[in-house]
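Asker: Below are the sequence and a predicted model; questions follow.
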Amino acid sequence: MSSKTNCDVIVIGGGSAALEAAISARQSGAERVVMLEKAPKHESGGNAQFSHVGFRFVHSGPEELRGFMPQVPEERYRRMQIPSYTRANFIDDLNRVTQGRIDPVLAECLVDHSNSAVHWMKDIGVKWEPEKVTEVDGKLYLPGGHHIHPIGGGPGMLEQLRGIAFNEHGVEIRYDSRVRVIHGNDRGVEAVRVSAPDGEYDLEARAIIVCAGGFQANPEMRARYLGPNADLMKVRGSRHNTGEVLNMLLTLGVKAAGHWQGAHMSPIDGNAPAVETPAMKDGHGNSMNRYDYQFGITVNALGERFYDEGEAKHAYTYAKTGRLVLQQPGGVAYQIYDQTGIDLFRHGRDYPATNVEAPTLAELAQKIGIEPEPFLKTVEQFNAACRTDVAFMPGELDGKGTVGITPRKSNWAMPIVQGPFRAYPITGGVTFSFGGIQVDTQARVVNTCNEPIRGLFASGDILGLFFHNYPSCTGQTRNAVFSYLSGRGAGAMLSKN
């Protein structure tokens, strides 16, 4: 027999989206907010535990962002290249990388609330710092479109949000609490059934906010939706994002949305663990990310290039590159650099990572197990195709591409000639799935008849929003926007009753 308890708002999840939604609900008048976290306390936090959590949002430029980074010395700040990021920039980026498939109404909602949502995070007490920079001729270049992230990266942001939610706003969290049933139907919800260590119980609420993540840690669902051998894919984030709540919602009559055969799949270390690749010691990113490919070439196990490493800045290509790697023989590839590329690594030339080094390219091929002859032919053809009439400018799209080879390299095409040379073995890692549920511009979950389901809101990776690819650091902005809207909507429901 299950017992019943009640509260004002239930938040399903324990990651950044859930914490933000809980804070917003409390600010909006909910007296008792209960977070139900599937994971035990020491594994709580969702994917943010393993990410640097940047934020892409509309802003007017350096003067506005100065308020987020008062600790940066003025001399250094003046050298930072921080162009404004406009509404049109953001809309264009979303449409381009999703190949025009993103819901235009939700895209405008995300973009138009992005600035206020990030300022809201600052106002509630989240502290910020600049993104990693690349220095060229004394100027400090930041990634295009996203310039700041919370101090301490993902782990730091979670620590800050927990303090705000639990200590300042009195949000309650119940760890090791798995939602087994959502009570209601396609018109309204009223409670959830919780499996807790000491038994099951029903928890009633006037509003439920679902922030339970995607399905990417579930090998059966990866195989079902993400293509051949997707069940073998390594998982960059939390082991607990396995899709049970998503399946419950679909069974309830919630409308599906997003790209169900798509996911954030990026290149990661070939020796990464199968799940939960670790964050860097300073929290600023994932230690297994391999995102410097634009300054070298990438070859498969046959010694062949297979994609345009310089198509755009990595912020616009990394989330789809992992899929390309997985499509290669054995699902592996090798990022090849000479000293020019190594010197441009975002985390420094001595960044610790699995790699092989050799004084010659022929020896490098032998060390990584590639037949030297086809590999050397690939490098020879690439080197000969690099344009010499265009200046190399690593801080911007320089147009220094290749001519006469396929695939071409559109930017930063420098010959691989300065030894010793390095090879970094990589594979594809999945971060979050793109298939999810449909919400409206108030973060209300809708049913298959496009009607809002009374009392049900959602935010985070469980939303179906992206297709094919996404602009880097849009996920956390999505969380802030729809979590704030969810909490506000839940509070509005309470005031009506």
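Answerer: Structure received. Numbers count the residues shown, from 1 in each chain.

Asker: Below-threshold pLDDT in this structure: ranges please.
Answerer: 1-4, 279-285, 497 (pLDDT under 70).

Asker: okay, now the domains of it?
Answerer: 3-216+434-496, 265-429 (automatic domain parsing).

Asker: Would you mind finding the most buried of those?
Answerer: Among those, the stretch with the highest mean neighbour count (mean count of other CB atoms under 10 Å) is domain 3-216+434-496, at a mean of 21. For the C-beta atoms, the positions are set from N, CA and C on the backbone; glycine is no exception.

Asker: and it, how far from the chain's centre?
Answerer: 12 Å (CA atoms, centre = their mean, to the nearest Å).

Asker: One more: stretch 349-361?
Answerer: With CA atoms, centre = their mean, you get 27 Å for stretch 349-361.

Asker: still on that earlier bit, could the domains of the chain be laid out in JSON lines, adding distance to Y225?
Answerer: Listed next are the domains of the chain as JSON lines, based on distance: least, CB to CB, whole Å:
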{"stretch": "domain 3-216+434-496", "distance to Y225": "6"}
{"stretch": "domain 265-429", "distance to Y225": "12"}
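
Asker: To G253, which of those lies closest?
Answerer: domain 3-216+434-496 (2.9 Å; CB to CB).

Asker: tell me the SS of R422?
Answerer: Judged by DSSP: H, G, I helix; E, B strand; the rest coil, the three-state class of R422 is strand.

Asker: what pairs with it across the strands?
Answerer: Assessed by DSSP bridges, R422 has beta-bridge partners Y337, E357.

Asker: That one contacts D343, doesn't it?
Answerer: No: R422 is not in contact with D343 according to CB atoms under 8 Å; the separation is 11.5 Å.

Asker: hang on, the earlier thing: which stretch among the domains of the chain comes nearest G227?
Answerer: domain 265-429 (8.2 Å).

Asker: rewinding a little: N247 is nearest to which of the domains of the chain?
Answerer: Per CB to CB, nearest to N247 of these: domain 3-216+434-496, 8.1 Å.

Asker: rewinding a little: looking at the domains of the chain, which is nearest to M248?
Answerer: Across the domains of the chain, M248 has its closest neighbour in domain 3-216+434-496 (5.3 Å, CB to CB).

Asker: A263: what's it in contact with?
Answerer: With contact taken as CB atoms under 8 Å, 6 or more residues apart in numbering, A263 is in contact with G214, Q216, L226, R323, V430, T431, F432, S433, F434.

Asker: do you know how far the closest residue to S177 other than its chain neighbours is from L494?
Answerer: The shortest distance from S177 to any non-neighbouring residue, by CB to CB, 6 or more residues apart in numbering, is to L36 (4.5 Å). According to CB to CB, to the nearest Å, L36 stands 19 Å off from L494.

Asker: For stretch 226-246, measure first residue to last.
Answerer: End-to-end distance of stretch 226-246 (CA to CA, to the nearest Å): 16 Å.

Asker: List the buried residues in that stretch.
Answerer: Residues 226-227, 230, 233-238, 240-246 are the ones in stretch 226-246 that count as buried (16 or more other CB atoms under 10 Å).

Asker: Show me those that map onto helices.
Answerer: Using DSSP state H, E244, V245, L246 are the members of the buried residues of stretch 226-246 that sit in helices.

Asker: The nearest residue to V53 once chain neighbours are set aside sits in which helix or strand?
Answerer: Closest residue to V53 apart from its sequence neighbours, by CB to CB, 6+ apart: G154 at 4.5 Å. Secondary structure assignment for G154, by DSSP states H and E: helix 153-162.

Asker: other SSEs contacting that helix?
Answerer: helix 16-27, strand 146-150 (3 or more CB pairs under 8 Å, 6 or more residues apart in numbering; DSSP states H and E).

Asker: Kindly calculate the angle that it makes with strand 146-150.
Answerer: 50 degrees (axes from the mean of the first three to the mean of the last three CA atoms, to 10 degrees).

Asker: could I get helix 153-162 in CSV with only the CA atoms?
Answerer: Taking Å, rounded to 0.1, in the frame of the first residue of the first chain, the C-alpha atoms of helix 153-162 are listed here in CSV:
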residue,chain,number,x,y,z
GLY,A,153,32.0,25.1,-14.8
GLY,A,154,29.2,22.6,-14.4
PRO,A,155,30.1,21.3,-10.9
GLY,A,156,30.5,24.9,-9.8
MET,A,157,27.2,26.0,-11.2
LEU,A,158,25.4,23.0,-9.6
GLU,A,159,27.0,24.0,-6.2
GLN,A,160,25.8,27.6,-6.6
LEU,A,161,22.3,26.6,-7.7
ARG,A,162,22.0,24.1,-4.8
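
Asker: what residues does the helix or strand just after that helix touch?
Answerer: For helix 153-162, the following helix or strand on the C-terminal side (DSSP H and E) is strand 172-174. Contact with strand 172-174 is made by 7, 14, 32-37, 44, 165-166, 194, 196, as judged by CB under 8 Å, 6+ apart.

Asker: Out of the residues you listed, flag the one nearest to A25.
Answerer: Among these, and counting by CB to CB, the member closest to A25 is V33, at 5.1 Å.

Asker: Go ahead and confirm the closest one touches V11.
Answerer: Yes: counting by CB under 8 Å, V33 does reach V11; the two are 6.4 Å apart.

Asker: Mind listing the shared neighbours of those two?
Answerer: With CB under 8 Å, 6+ apart as the test, V33 and V11 both reach A22, A25.

Asker: picking up where we left off before, with secondary structure as added columns, please give the contacts of strand 172-174 in JSON lines.
Answerer: Listed next are the contacts of strand 172-174 as JSON lines, based on three-state DSSP:
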{"residue": "C7", "secondary structure": "coil"}
{"residue": "G14", "secondary structure": "coil"}
{"residue": "R32", "secondary structure": "coil"}
{"residue": "V33", "secondary structure": "strand"}
{"residue": "V34", "secondary structure": "strand"}
{"residue": "M35", "secondary structure": "strand"}
{"residue": "L36", "secondary structure": "strand"}
{"residue": "E37", "secondary structure": "coil"}
{"residue": "S44", "secondary structure": "coil"}
{"residue": "A165", "secondary structure": "helix"}
{"residue": "F166", "secondary structure": "helix"}
{"residue": "V194", "secondary structure": "strand"}
{"residue": "A196", "secondary structure": "strand"}
